[in-house]
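J.: below are the sequence and a predicted model for it; my questions follow.
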Amino acid sequence: MSSDQSGLPLKLEDPTARRADSYRALVAEFVERGEDLVPFPLQFEHTDFDAFLARMASCSRGEGIAPGFVAHSTFWLVRDNQDVVGVSNLRHALTDSLRREGGHVGYGVRPSARGNGYATELLRQTLARAERLGLDRVLVTCDKDNEASARVILRNGGVLDSEEFLTKIGGILQRYWISIPYKSTLNSCLSL
């Protein structure tokens, strides 16, 4: 288990009912700030939390997913065994569409918790889950103007593969590959 800058433990967990309030607060922060709900499972209805958790479990098994989607697992980065500070989504395979935009991993950090290295740790621990799935490399994408996300990807061993202007996002999308097992470029992801 890793820890944050103040020594509080950080752990990547599967979604669970005991963290419902913290998860809902995280989503509310995104909404209050008018930010996109990234990764996309943040958009899933969660009023009935048991139904939400069942949907997450089904998605990870590839059951009941929409056409064009692939099996995907969602994880929560939890600080001090209580606060959900980040969410990642790991797609188990790539489609042609995901090779172009989206990749294997999407992630987001609670707005009030940003700037503490949580995104770097969230991606690092998600890559360990990708390795458990048997993936030998992972595609991660970000908007070129999202320098913070690009730094997170680079810190986790990302190698820029390509850039493309996408009308859909109105900008340039960067594609990075991370080989697994990878070597982080940091001695401690959270020491910066």
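T.: Good, I have the coordinates.
J.: what's the closest non-adjacent residue to Gly106?
T.: Spatial nearest neighbour of Gly106, excluding adjacent residues (Cβ to Cβ, 6 or more residues apart in numbering): Pro39 at 3.3 Å. Where C-beta positions appear, they are placed from N, C-alpha and C, glycine not excepted.
J.: now do the contacts for the one you found.
T.: Thr74, Val87, Ser88, Asn89, Gly106, Tyr107, Gly108 (Cβ atoms under 8 Å, 6 or more residues apart in numbering).
J.: closest one of those residues to Arg100?
T.: Gly106 (14.2 Å; Cβ to Cβ).
J.: Leu173 versus the closest residue to Arg110 other than its chain neighbours, what's the distance?
T.: Excluding the flanking residues, the one nearest Arg110 by Cβ to Cβ, 6+ apart is Leu26, at 4.6 Å. Between Leu26 and Leu173 the distance is 25 Å, computed by Cβ to Cβ, to the nearest Å.
J.: more neighbours: which of the two?
T.: Leu26 (23 against 20; other Cβ atoms under 10 Å).
J.: ok, that one - contacts?
T.: By Cβ under 8 Å, 6+ apart, the neighbours of Leu26 are Leu42, Val84, Val85, Val87, Arg110.
J.: quick check: phi and psi at Arg109.
T.: In this structure residue 109 is Val, not Arg. When read as degrees, to the nearest 10, the backbone of Val109 gives phi -120, psi 140.
J.: that one and Asp96, how far apart?
T.: 29 Å.
J.: ok, back up a step: for the residue nearest to Arg110, give me the pLDDT.
T.: Looking at Leu26, its pLDDT reads 97.
J.: and for Ser6?
T.: 68.
J.: low-confidence stretches in the chain?
T.: Counting by pLDDT under 70, the ranges of the chain that qualify are 1, 5-7, 182-192.
J.: quick one, helices of it?
T.: Secondary structure of the chain (DSSP state H): helices at 20-32, 49-61, 96-100, 118-132, 147-155.
J.: ranges for the strands of this structure?
T.: Along the chain, counting by DSSP state E, strands occupy 2-3, 9-13, 72-79, 83-91, 105-109, 137-143, 159-166, 171-179.
J.: any idea how far the first one is from the chain center?
T.: In this view, strand 2-3 has its centroid 17 Å away from the chain centroid, taken as Cα atoms, centre = their mean, to the nearest Å.
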